[in-house]
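Asks: quick check, what structure comes out for this input:
(chains A and B)
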Amino acid sequence: MTGFILRRLAQTVVVIALLSFFCYFLMTLMPGDPIDEMIAANPNMTAEDAQRLRELHGLDQPVHKRYWNWVTMIAGGDLGYSRTYRVPVSEILGRSLLNTSLLAGAALVLSLLVAIPLGVWAALRKGSRVDYFVNLFAFAGISVPSFWIAIVLILLFAVYIPIFPAGGTTSIDFGMTPGEALVDRARHLVLPVLSLSFLSIGTFVRYTRAAMIDAMSNDYIRTARAKGLSWDRVLIVHGFRNALIPLITIVTLSFSTLFSGAIITETVFAYDGVGRLVFLSIQRNDFNVAMVAFMISVSWVLLMNFAADLLYGLADPRITYS
Amino acid sequence: MTRARPRGGIPTRTAWRLGLAVVALLVLAMLYGLARPGLSGHGVAPTNGSLRIGITQEFESLNPLIAQMSATFYLYSMVNRTLVGLNENTEFTAQLAVQMPTLENGMARFVEVDGVRKLEADWEILPAATWGDGVPVTCRDLQLSWEVAQSPYVSIAAVELYREVEQIRIDPENPKRCTFLYSEPKWLFNRRFQFYLLPDHLERAVFEKYGNQPEGYEKHTLYTTDPTNPGLYHGPYLIREVKLGSHVVFERNPTFYGPPAHIDRIAVVLIPNTGTLEANLRSGSIDMVSTLGMSFDQAIAFSRRVEAESLPFTVHFRPGMVYEHIDLDLDEPVLKDVRVRRALVHAIDRQRLTDALFEGEQPPALHFVAPADRWYTDDPEKLVIYEPSRRKAASLLEEAGWTLRDDGFRYDAAGNRLRLRLSTTAGNKMREVVLVYLQDQWRAIGIDTRIQNEPARIFFGETTRKRRYDGAAMYAWTQSPEAPPRSTLHSADIPTEENGWSGQNQPGWANARVDRLIEELEAEFDPDRRLELIHEIMWHYTSEVPVIPLYYRSNVSVTPANMTGYRLSATQVSETDHVERWNLEPVAQPAARETRP
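Replies: Below is the predicted model of the structure:
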């Protein structure tokens, strides 16, 4: 087990290093650079000034040298300077990352809380009215665009029945007690979380249902019943546990969409999250923010895959890590 | 296949149902607990206690020297002012300075330095002007920004404004007085509203410590590390809180030298999705939409709803300095012929276009100078004006050798069809609609126009910047009032690989007479002569048609109906430049749609 973990960790580090260069290289292929943004803002900038600034920021150097400078900077604990926001990267990325983690985490928890019981319920009543209804709900969740759901939620719960804020991360009110601030923060999360959960619930319901139907049709379920085990034990220990493998895959992979998945929700709800930040950084050639965000995203995907591999072993004792 | 069925089905079903019910109850309880009706301010008119403004554009650190985003300068105008400003009537006026120095009032004069003719100007800062921490604003603050701007380690986009000042001499008796020595005598010297101040008493130490490291000053400036420090600001408001990517909160500055602001606290909230701005307004999440908010078509639609539903808002429209036009690639064989270019203009009816698409709120353009600019003219004796006429357009094309065939298109003698590639930024609804209109108009005179739009990133980053649009490209220029059009019309500003693609003369127009006129215009101190020069440039411009003028974009904003003292700006200087005059009257006024002349 220890050997497996060390081997996988080493692989992860190598993949991160390779992907970091690949991402950096891809970004350099995009048209323009940060100095072009400055020229666009001030057409009177001279060609000499533009060249001076390119040299100052090392933008005149070949890609491998720029990449190496970036790696050295990161290794020295400096995440760099955002040329979009004109502040150190750590200053903007940390807060946004926390906000997005909260949003995506809450949406994931809500999705699992709703989707797993619904999926299991539908699987146990395959072909019944309940099953049809749950399927209809799941397909609606998968098919309806998230921006549409977001706008409907805003209109319903912020405009026509104004009980939740239409957007933002917190209220701008300095007189709040810590308790009030906590409730206020939660109120701002309700609509974005509902919007983001809608799609995930549909997907998770479909996977849970399919996995449960498959698991419950196995011979060992019949054997377990024949042995006289209670229905709950058969369902949870033998049925649901075996249905967990595909669920673990889909849930861990969902974590990896933390950055990209929330971008529409964050934009519509004016939520101060990392998805929007990364999108803007890429648009504006803000290499330092985009690269750090890429690295976090890539590391997160790899770590989640690693976590999934470990969880498979817990869910299914037949899987070993020799 | 065997389906597993529960033997003791009822208890299990009950358990699952109970489980589902618990989850549903938990979710409902959470929603109920968090839903507190009445807190959103829905339908409640804002008061002078606080105002929330929605913007859709991102903002950055508020150091004025290194900032570039429009939204940052929108915020900056609330907290800081410059020596001169542009008022809402598009006039340059003294703001932080006691008076604008001119040759006439004797505060500016020509001087000879080492045999070279230069210009000197005396500036005096308002005696009452202090930074938010009570330290007087002096010429030392001007000197610091001048030094920082010229540092090779700091990225300043508008460095040429500072570089034209050769020396700053501060009066030892009164540091609020100083004399600027300008290296070249140019009449624009007293209109540099972008010459910003940095608080010497705070920022000098930062610059001395980090100014010799690449990006060192940018990283450590107090505007980034301590943005709520009152000593960084001297305008009508101070900053209480900054959250980049989210909001900025301003509070009235008790030490402001001018009339105190009416509104106690203003929050500027970033709402990046324009589609939800209206929902935020209606729900009371914001009270106002800045000029950096709604798109023009959204504002038109919203103004109709304001009238129909008597909503408590005023929608403002004001034709601005943004000039929507079509650049013609003069290296394209088809467009080299001026008769073809003139035919393209004759074929379109710009008045009809703006009436149909913009309800007449965006005036049709005749040339590059906007109506809000003092240099504007529509005198037919000074311009070549092309009235809409398909007959004239067809005749010009015939003259140029393009004959109409049975398929409705024109061909030259070699049988080549008259084709034109037309492009703009993909996703910009308004521009896309305009292009379809133009395509239709040009089709009527036998031109095969192909629309090929591109994402803004590619369109501006590569296609127009490197003059690769191979036909016609629609976009906008933002003009300053009374600004010589060097970057857009001088032949030295044609972007090429050799000059690093700098300059904005994307059509590639080279006219030696116009070059000379621009150079003369920049050095001419007599305003009447300047007017003659710019009108001659306009004549060449409209005669040779390197660009097809379309319309001048209008600025739009939405304010609460009970707000007075607000005036939408026509220029790039935002409405926050007179934020201290905004007043939220206790009695709501009837909603209205307002059009500025």
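Asks: CA atoms for contacts and neighbours, from now on please.
Replies: OK.
Asks: check the closest residue to chain B within the stretch 201-322 of chain A and give its pLDDT.
Replies: The nearest approach of the stretch 201-322 of chain A to chain B comes at A:Ala270, 4.8 Å away (CA to the nearest CA). The score at A:Ala270 is 87. That number is its pLDDT.
Asks: touching, it and A:Thr170? I think so.
Replies: No. Between A:Ala270 and A:Thr170 there is no contact under CA atoms under 8 Å: 10.5 Å.
Asks: the two: who's more crowded?
Replies: A:Ala270 (25 against 20; other CA atoms under 10 Å in any protein chain shown).
Asks: hmm, back to that, could you measure the residue of the stretch 201-322 of chain A closest to chain B against A:Thr169, distance?
Replies: To A:Thr169, A:Ala270 is 8 Å away according to CA to CA, to the nearest Å.
Asks: need the residues touching each of those two.
Replies: Taking CA atoms under 8 Å, 6 or more residues apart in numbering or on different chains as the contact rule, A:Ala270 and A:Thr169 both touch B:Ser246.
Asks: what about residue 85, which SS state?
Replies: Just so you know, I chose chain A. Under DSSP: H, G, I helix; E, B strand; the rest coil, A:Tyr85 falls in the coil class.
Asks: hmm, I had chain B in mind actually
Replies: strand.
Asks: quick one: the helices in the stretch 451-597 of chain B?
Replies: With helices called from DSSP state H, counting those that start in this stretch, the stretch 451-597 of chain B shows them at B:456-458, B:486-489, B:512-523, B:527-544.
Asks: mind putting these into a markdown table with distance to chain A, mean pLDDT and mean neighbour count?
Replies: Conversion of those to a markdown table gives the following (distance: least, CA to the nearest CA, whole Å; pLDDT from 0 to 100; neighbours: other CA atoms under 10 Å in any protein chain shown):
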| stretch | distance to chain A | mean pLDDT | mean neighbour count |
| --- | --- | --- | --- |
| helix B:456-458 | 7 | 83 | 16 |
| helix B:486-489 | 6 | 93 | 22 |
| helix B:512-523 | 14 | 96 | 17 |
| helix B:527-544 | 19 | 97 | 18 |
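Asks: return the residues in contact with the residue in the stretch 451-597 of chain B that chain A sits nearest to.
Replies: The nearest approach of the stretch 451-597 of chain B to chain A comes at B:Gly461, 5.3 Å away (CA to the nearest CA). By CA under 8 Å, 6+ apart, the contact list for B:Gly461 reads A:31-32, A:36.
Asks: quick one: low-confidence parts of the stretch 101-250 of chain A?
Replies: Along the stretch 101-250 of chain A, the parts satisfying pLDDT under 70 run over A:174.
Asks: contact residues of it facing chain B?
Replies: A:113-114, A:117-118, A:121, A:124, A:151, A:154-155, A:158-160, A:162-169, A:172, A:183-184, A:186-187, A:190, A:216-218, A:221-222, A:231-232 (CA under 8 Å from any CA of the partner chain).
Asks: what packs against the particular helix or strand that has A:Cys23 in it?
Replies: With secondary structure defined by DSSP states H and E, A:Cys23 is part of helix A:2-29. Helices and strands touching helix A:2-29, by 3 or more CA pairs under 8 Å, 6 or more residues apart in numbering or on different chains; DSSP states H and E, are helix A:63-75, helix A:287-315.
Asks: C-terminal to that helix, what's the next element?
Replies: helix A:34-41.
Asks: identify the residues contacting stretch B:377-395?
Replies: Contacts for stretch B:377-395 (CA under 8 Å, 6+ apart): B:342-350, B:366, B:371, B:444-445, B:535-536, B:538-539, B:542-543.
Asks: I meant to write stretch B:159-177 there.
Replies: A:44-45, B:122-127, B:137-140, B:143, B:146, B:149-150, B:178-184, B:192, B:194-195.
Asks: which of those residues fall within strands?
Replies: B:122-124, B:178-182 (DSSP state E).
Asks: flag every buried residue along stretch B:185-204.
Replies: B:185-187, B:189-201, B:203-204 (16 or more other CA atoms under 10 Å in any protein chain shown).
Asks: actually stretch B:159-177, not the one I typed
Replies: For stretch B:159-177, by 16+ other CA under 10 Å, it's B:159-162, B:164-165, B:168, B:170, B:175-177.
Asks: also stretch B:349-356?
Replies: Residues B:349-351, B:353-354 are the ones in stretch B:349-356 that count as buried (16+ other CA under 10 Å).
Asks: let me have the contacts of B:Gly461 in TSV, adding distance to B:Gly565 and pLDDT as columns.
Replies: As requested, the contacts of B:Gly461 are arranged in TSV below (distance: CA to CA, whole Å; pLDDT from 0 to 100):
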residue	distance to B:Gly565	pLDDT
A:Pro31	44	75
A:Gly32	42	74
A:Asp36	38	78
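Asks: next, A:Leu244: phi, psi?
Replies: When read as degrees, to the nearest 10, the backbone of A:Leu244 gives phi -70, psi -30.
Asks: show me what contacts it?
Replies: A:211, A:315 are the contacts of A:Leu244 under CA under 8 Å, 6+ apart.
Asks: now do the strands in the stretch 401-550 of chain B.
Replies: With strands called from DSSP state E, counting those that start in this stretch, the stretch 401-550 of chain B shows them at B:403-404, B:410-411, B:419-423, B:448-451, B:472-478, B:547-560.
Asks: what's the helix or strand containing B:Ile300 in contact with?
Replies: For B:Ile300, the enclosing helix or strand under DSSP H and E is helix B:296-309. Here helix B:296-309 makes contact (CA under 8 Å, 6+ apart) with B:278, B:311-315, B:358, B:430, B:554-557, B:591-593.
Asks: show the average pLDDT along that helix.
Replies: Rounded mean pLDDT across helix B:296-309 is 93.
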